[in-house]
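# What follows is a predicted structure for the sequence shown.
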Amino acid sequence: MQPDHAPGTVRDTAPGTPTPGDPRDLLRDGLGELVATTDRVRHAIESVVHGRPDLARLTVAVLLAGGHLLVEDVPGVGKTTLAKAVARAIDCRVGRVQFTPDLLPSDLTGVNVYRSTTGEFEFRPGPVFSNVVIGDEINRASPKTQSALLECMEEGQVTVDGTTHTLPRPFLVVATQNPVEMEGTYPLPEAQRDRFTARLSVGYPSAAAELMMLDSHTSSDPIDRLEPVTTADTMIRLAGWVRAVHASDAVKQYVVDLVAATRGHDGLRLGASPRASLQLLRVARAHAAMTGRQHVLPDDVQTLAVPVLAHRLVLSTESRLNGRSEVEVVEDVLARTPVPAGPAVAQPPGAGGRRA
């Protein structure tokens, strides 16, 4: 069943009188549904990944923004569990790929198979033809296989033997990776990292969260008990509404200033790309809508700056030798960049909803 409108068909419109079916009207009328639905998804994730509500909120915001998520941490802290929880919370098609050094690009995208009965080639789709694709330990695959995801993540399509196949929507890649210092891993190239909207680190749980985890795993895996709380069609509809969240010129300029500051920072060899600006604003729109607002605040941008920008940066040699991290650089940029305030970031006339 196809939704009334898919991502890419709903976009911001020029100022003027809203028409029937205008995304701003849909957002205003359905804001309560959006908040309630995303709250259910977040709580479903939190029932499995204990003690980290920030991870659940960021994950849902990336999904609404039409992006992809990179989960990086040491083994055994729940990276794959987080990815599985996202997939189970939404009643949609799920694909899982265990990345290994011998994995081929066709193992991801699919392959044409010759049928002797018909004398024709038939396309057999790979696991990327799913709504949520879990890529486990993505940096254990060769760079050639890693790059097979580039077209999928950026354009929502796959080209095999000259034929282009459209991927289902929504389409979310949740990839996990171990730190590159771990044996048998390949660093993700800059182009691949830039395709991921945000990077998060699960981290070790608190003592209380770890004790809760021991209790929840006593009888069975909590993932098996997790029931879907929404559908793929609903998430497509909500993602369309998110695109109508208002971002003032002052907030957009703030995003541009933050990203531009990384390009001239003396601690970096490579700053954030224009794609980073686009994705930071998209996730900020989703974050604002999830809190019941129809407009983006600088607070939304500041909250998301580290997970959206840090993994795209390349430190200078001096910064690496001094033990500086990309996160510290983003925090420095946030501290130095003036924050817009007052009427410049005011919501448009007639906009309602709760304030954060």
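Sure thing, it's come through. Residues are numbered from 1 along each chain as shown.

# What residues of stretch 101-110 count as buried?
Judged by neighbour count (16 or more other Cβ atoms under 10 Å), stretch 101-110 contains these buried residues: 103, 105, 107-110. All C-beta spots, glycine's among them, are computed from the backbone N, C-alpha and C.

# Out of these, which is nearest to Glu151?
Comparing the buried residues of stretch 101-110 against Glu151 with Cβ to Cβ places Thr109 closest, at 8.5 Å.

# got the contact list for the closest one?
Listed by Cβ atoms under 8 Å, 6 or more residues apart in numbering, the contact set of Thr109 reads 126, 128, 148, 152, 158, 160.

# any idea how far the second one is from Asp224?
Read it as Val128. Applying Cβ to Cβ, to the nearest Å, the value for Val128 to Asp224 is 25 Å.

# In terms of neighbours, single out the busier of these two.
Taking other Cβ atoms under 10 Å, Val128 and Asp224 do not tie; Val128 has more neighbours (25 against 9).

# Tell me the spacing between Asp215 and Ile134.
Distance from Asp215 to Ile134, by Cβ to Cβ: 26 Å.

# Would you mind telling me which of the two has more residues around it?
Neighbours were counted for Asp215 and for Ile134 using other Cβ under 10 Å; Ile134 has more, 25 against 9.

# Measure how far the helix or strand hosting the more buried one is from the centre of its chain, please.
Here Ile134 sits within strand 132-136, counting by DSSP states H and E. How far strand 132-136 lies from its chain's middle: 12 Å, per Cα atoms, centre = their mean, to the nearest Å.

# Does anything pack onto the helix or strand following that strand? Which helices or strands?
Downstream of strand 132-136, the next assigned helix or strand under DSSP H and E is helix 143-155. On a contact count with 3 or more Cβ pairs under 8 Å, 6 or more residues apart in numbering; DSSP states H and E, helix 143-155 meets helix 105-109, strand 157-160, strand 172-177, helix 190-195.

# what distance separates helix 143-155 from the middle of the whole chain?
For helix 143-155, the distance to the chain centre is 16 Å (Cα atoms, centre = their mean).

# now stretch 334-345
Counting by Cα atoms, centre = their mean, stretch 334-345 is centred 25 Å from the centre of its parent chain.

# Just the buried positions in that stretch, please.
For stretch 334-345, the neighbour count (16+ other Cβ under 10 Å) marks 334, 337, 340, 345 as buried.

# that older thread, Leu63: which of the buried residues of stretch 101-110 is nearest?
Checking the buried residues of stretch 101-110 against Leu63 with Cβ to Cβ, the nearest one is Leu108 at 20.5 Å.

# For that closest one, give its distance to Ala175.
Going from Leu108 to Ala175 by Cβ to Cβ gives 12 Å.

# Arg115 now?
Using Cβ to Cβ, we find Arg115 at a distance of 33 Å from Ala175.

# Who has more neighbours out of the two?
Ala175 (28 against 10).

# quick one, what contacts the nearest residue to that one once chain neighbours are set aside?
Of all residues not flanking Ala175 in the chain, Gly135 sits nearest, at 3.8 Å (Cβ to Cβ, 6 or more residues apart in numbering). Gly135 is in contact with 97, 99, 149, 173-176, counting by Cβ under 8 Å, 6+ apart.

# Quick check: which ranges of this protein have low pLDDT?
For the chain, the stretches with pLDDT under 70 are 1-21, 74-78, 180-184, 203, 205-206, 209-210, 213, 216-220, 344, 346-356.

# What ranges does it have for its strands?
69-72, 90-91, 94-98, 110-115, 120-125, 132-136, 157-160, 163-166, 172-177, 198-200, 230-231, 268-270, 314-315 (DSSP state E).

# Of these, which is nearest Val245?
strand 198-200 (17.4 Å).

# contacts for that closest one?
Residues outside strand 198-200 that contact it (Cβ under 8 Å, 6+ apart) are 55, 58-59, 62, 67, 69-72, 193, 279, 283, 304, 307-308, 310-311.

# Buried subset of the residues you listed as a ChimeraX selection?
Restricted to buried positions by 16+ other Cβ under 10 Å, the ChimeraX selection for these reads:
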select :55,58,59,62,67,69,70,71,72,193,279,283,304,307,308,310,311
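
# From the contacts of strand 198-200, which land in helices?
Residues of the contacts of strand 198-200 located in helices (DSSP state H): 55, 58-59, 62, 193, 279, 283, 304, 307-308.

# Need the max-distance pair from the residues you listed.
Distance extremes for these: the farthest pair is Leu55 and Arg193 at 19.0 Å, using Cβ to Cβ.

# Now for the nearest residue to Leu238 once chain neighbours are set aside: which residues touch it?
In space, Leu238 comes closest to Leu34 once its chain neighbours are excluded; the distance is 5.1 Å by Cβ to Cβ, 6+ apart. Going by Cβ under 8 Å, 6+ apart, Leu34 touches 27, 238, 241-242, 289-290.

# what's the spacing between Leu34 and Ile45?
The spacing between Leu34 and Ile45, counted by Cβ to Cβ, is 17 Å.
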